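A.B. asks: Below: sequence and its predicted model.
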Protein chains: 2
Amino acid sequence: MPLPPSDSALPSASPTFSPLYRQIKGLMLRALVEGEWGPGALIPSEAELAARFGVSQGTVRKAIDEMATENLLVRRQGKGTFVATHSDPRAFYRFLRLVADDGVPRQAQSVPFSCIDTTASEAVARALKIQPGDAVVVLERFLDFADEHVVLDEIFLPADIFGGLTLARLQAEERSLYNLFESWFGVRMIRAEERLRAVSAREPAASRLGVAVGSPLLLVERITYTYDRPVEWRRGFYNTERHHYFNELT
Amino acid sequence: MPLPPSDSALPSASPTFSPLYRQIKGLMLRALVEGEWGPGALIPSEAELAARFGVSQGTVRKAIDEMATENLLVRRQGKGTFVATHSDPRAFYRFLRLVADDGVPRQAQSVPFSCIDTTASEAVARALKIQPGDAVVVLERFLDFADEHVVLDEIFLPADIFGGLTLARLQAEERSLYNLFESWFGVRMIRAEERLRAVSAREPAASRLGVAVGSPLLLVERITYTYDRPVEWRRGFYNTERHHYFNELT
DNA sequence: CAGTGGTCTAGACCACACT
DNA sequence: GTGTGGTCTAGACCACTGA
C-alpha cells in the first residue's frame, strides 16, 4: 500500500505533528489498557499488525521497539512479542533496589502481617489522585532477606481496584505483591517514583525491625503507576546496616 | 554497495555473532575514546559516516541511535549529531538526584574547601581499580541549595588523570565539577553507580552541615565511569531534612 | 520445515535550522 | 535553497524456536 487512508493526521498536517509509528503505538497502548492483550499474552506478529493498521512492517516495528524499551512488551526472537508481566522471573522484584552489602544476590520474601480497610487521608489522596475520604486498603508487611526483616512497608491501595484484599489471601501466597495484583486485579505496575530520606527510627517501626529507637533508617516513599494512573503509595523503612539501596545513573 | 568488505565477521559467521551496526558502533566508540571527536563536537553526517564505513545510512543510524540513548551522542534535527558534553545546560547536574521537598527546581552550587594530594587506601583503590598507595587527589566540597550547605562530598580522583588539581583553580570557577573535569582533563563522565545508606551524623560532618551529632544523614557512595574505566569515587553526606533523593523506576 | 523477530539495504519524502 | 536528521516504505536475507 503506497499510502495510508487519508482520514487521520498525516505528516503534512504539520501542527501537533505525530509520526505514524507513534499513532500505531497509541492504538497498541489502547489494546493493552483495554485488556485485549492481557499480561503475558502473545500479541499478533509484526506482519499481522502491519496489515491490521495498514502500514509497513517497519513502522509497526518502531512502535514495538519503543514499547519494548518502556518494558511494556517483551520480544523473543523466533517466538513472538509478549505483553510484559511480573510473573516473569526476570521481573519478580523489578522495582526493588535493595541489595546485600556482600553483593550476593538473595531472593526477597514478602511477609504481610496486617491488611485493613480505611479511608484516604489528605496525603494518601494526593499521592493516589483520589479524594480524601475515599476507600483505601492499607497493607503492612516485611521484606525479608535470609529470614531477617530488612524492610517494613506500609502500602496504600485504592479500594475501587483492590477491594476485597484480605490478609488471609495474601499469607497463602509466596509470590511478589505485583505478581499477585496482576493476576487478582488485572493491574500491571508500569513505572514508579521513589523519594528517599534518612530518618531516625521510632516506634513501632524500630522494634518491628529490631533496631534501637533513634537509629538511622532509610525512608523510601513510592508512587507506582499502571498505564494511566497511580495505583499504589507506599512508605518503606529500610534497615541499611547490612544492605544498601543501589542505583545506576546513566 | 551491495555488501561490505569480506574481511570482518559477517552475520553468516555465527559464533560470537555481532550485527554490523554494533561493529560500526564500536568503531565510533573508538573515535570518541581516542578523542577524534571531542566533547561538544559536531560529528560527520550520517551519509558521510555511511560512506566512510562502507555501509548504508540506515545501519549508521542504528549505531547512532544506540549511542544517543546511552547519552554518548546528542542528535539535533536540522543541525547534526554532537558529542554529549557536561557543558550542555541540560546536563549540568545530570547525575544529581537531590531535589527540594517543595519541588521547586533550584540550581545547585559547588563550594570546594579542600584539595590535597595523598595515596589510595585499600577501599579507594578497590573502587577506582588502581593499586593501594597510588597517588590520588582528595577534594572536599559542599553542595549548596539556596546558600545552604545540603551535601558534604569527599571526592577521590586518580592522580594520573587529575594531577595538578588545586583548590585555588577550583574556587575560581562557577561551573559543575564534571564540566571542569571535561575541559581541564578531557575526561567525560559517562555513567555512575550509587549505593545509599542511612547513617548517624558524626563530627566533623555534623557541624559542617549544621546538624546535631546523631541526626540521620543519607550516605551516598558513587563510582563514576568514563568510557572505559572508573575515574571518581565519592562519599556524600546528604542532609534530607528539606530535600530528598528522587529516583524514577522503569 | 514454517513462522517469528533481527538485520541490512536503497530510495523517497518530511521537518527543521541556517544562510 | 541546501544540508541535516526523522519518517516511511518494500524487499531481501539471517538467526532463533518449535513442530
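C.D. replies: Cool, the structure landed.
A.B. asks: which non-adjacent residue is nearest residue A:220?
C.D. replies: Nearest in space to residue A:220, with sequence neighbours left out and distances taken as C-beta to C-beta, 6 or more residues apart in numbering or on different chains, is residue A:236 at 4.5 Å. Every C-beta, even on glycine, is put in place using the N, C-alpha and C of the backbone.
A.B. asks: secondary structure class for that neighbour?
C.D. replies: Classification of residue A:236 by DSSP: H, G, I helix; E, B strand; the rest coil places it in strand.
A.B. asks: same question, residue A:50
C.D. replies: For residue A:50, the assignment made with three-state DSSP gives helix.
A.B. asks: these two touch, right, it and residue A:57?
C.D. replies: Yes. Between residue A:50 and residue A:57 a contact is recorded at 4.5 Å, counting by C-beta atoms under 8 Å.
A.B. asks: who are the neighbours in contact with the residue nearest the centre of chain A?
C.D. replies: By C-alpha atoms, centre = their mean, the mean C-alpha position of chain A lies nearest to residue A:189, the distance being 2.4 Å. With contact set as C-beta atoms under 8 Å, 6 or more residues apart in numbering or on different chains, residue A:189 has these partners: A:86, A:95, A:178, A:181-182, A:224-226, A:231-232.
A.B. asks: Can you pull out the low-pLDDT segments for chain A?
C.D. replies: A:1-16 (pLDDT under 70).
A.B. asks: Strands along that one, start to end?
C.D. replies: All strands of chain A, identified by DSSP state E, fall at A:73-76, A:80-83, A:98-100, A:108-119, A:135-145, A:148-158, A:191-200, A:216-225, A:230-238, A:243-249.
A.B. asks: TSV for these, including mean neighbour count and distance to residue B:27?
C.D. replies: What follows is the strands of chain A, written out as TSV (neighbours: other C-beta atoms under 10 Å in any protein chain shown; distance: least, C-beta to C-beta, whole Å):
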stretch	mean neighbour count	distance to residue B:27
strand A:73-76	15	26
strand A:80-83	18	31
strand A:98-100	17	36
strand A:108-119	16	42
strand A:135-145	20	44
strand A:148-158	20	46
strand A:191-200	20	35
strand A:216-225	22	40
strand A:230-238	21	44
strand A:243-249	18	26
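A.B. asks: Make a markdown table out of the ones you listed and add distance to DNA strand C.
C.D. replies: Shown next, in a markdown table, are the strands of chain A (distance: least, C-beta to the nearest atom of the strand, whole Å):
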| stretch | distance to DNA strand C |
| --- | --- |
| strand A:73-76 | 4 |
| strand A:80-83 | 4 |
| strand A:98-100 | 29 |
| strand A:108-119 | 30 |
| strand A:135-145 | 33 |
| strand A:148-158 | 34 |
| strand A:191-200 | 22 |
| strand A:216-225 | 26 |
| strand A:230-238 | 29 |
| strand A:243-249 | 23 |
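A.B. asks: do you know which of those strands lies nearest residue A:166?
C.D. replies: Closest to residue A:166 of the strands of chain A is strand A:108-119 (C-beta to C-beta; 5.9 Å).
A.B. asks: pull the CA atoms of that closest one into PDB?
C.D. replies: The C-alpha trace of strand A:108-119 is given here as PDB (Å, rounded to 0.1, in the frame of the first residue of the first chain):
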ATOM      1  CA  ALA A 108      13.500 -11.300  49.000                       C
ATOM      2  CA  GLN A 109      10.400 -12.700  50.700                       C
ATOM      3  CA  SER A 110       7.200 -10.700  51.300                       C
ATOM      4  CA  VAL A 111       5.700 -11.300  54.800                       C
ATOM      5  CA  PRO A 112       2.400  -9.500  55.200                       C
ATOM      6  CA  PHE A 113       1.000  -9.100  58.700                       C
ATOM      7  CA  SER A 114      -1.800  -6.600  58.500                       C
ATOM      8  CA  CYS A 115      -4.500  -5.700  56.000                       C
ATOM      9  CA  ILE A 116      -7.300  -3.300  56.800                       C
ATOM     10  CA  ASP A 117      -9.900  -1.200  55.100                       C
ATOM     11  CA  THR A 118     -10.000   2.500  55.800                       C
ATOM     12  CA  THR A 119     -10.300   5.900  54.100                       C
END
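A.B. asks: So which elements touch that strand?
C.D. replies: Packing partners of strand A:108-119 (3 or more C-beta pairs under 8 Å, 6 or more residues apart in numbering or on different chains; DSSP states H and E): strand A:135-145, helix A:167-171.
A.B. asks: and the angle from it to strand A:135-145?
C.D. replies: 160 degrees (axes from the mean of the first three to the mean of the last three C-alpha atoms, to 10 degrees).
A.B. asks: can you list the residues that contact strand A:108-119?
C.D. replies: Contacts for strand A:108-119 (C-beta under 8 Å, 6+ apart): A:93, A:96, A:98, A:132-145, A:147, A:149, A:159, A:165-167, A:170-171, A:174, A:176-177.
A.B. asks: and chain B, which of these contact it?
C.D. replies: Among these, no residue lies close to chain B (C-beta under 8 Å from any C-beta of the partner chain).
A.B. asks: Where does the record place the domain boundaries for chain A?
C.D. replies: What automatic domain parsing lists as the domains of chain A is A:20-83, A:94-245.
A.B. asks: So for residue B:80, which of those domains sits nearest?
C.D. replies: Per C-beta to C-beta, nearest to residue B:80 of the domains of chain A: domain A:20-83, 22.1 Å.
A.B. asks: Kindly check the end-to-end length of that closest one for me.
C.D. replies: 22 Å (C-alpha to C-alpha, to the nearest Å).
A.B. asks: Report whether that domain contacts chain B.
C.D. replies: Yes. Using C-beta under 8 Å from any C-beta, domain A:20-83 reaches chain B at A:69-71.
A.B. asks: Looking at these, which is nearest residue B:65?
C.D. replies: Of the residues of domain A:20-83 next to chain B, the one sitting nearest to residue B:65 (C-beta to C-beta) turns out to be residue A:69, at 10.9 Å.
A.B. asks: Since that was my last question, I'll sign off now.
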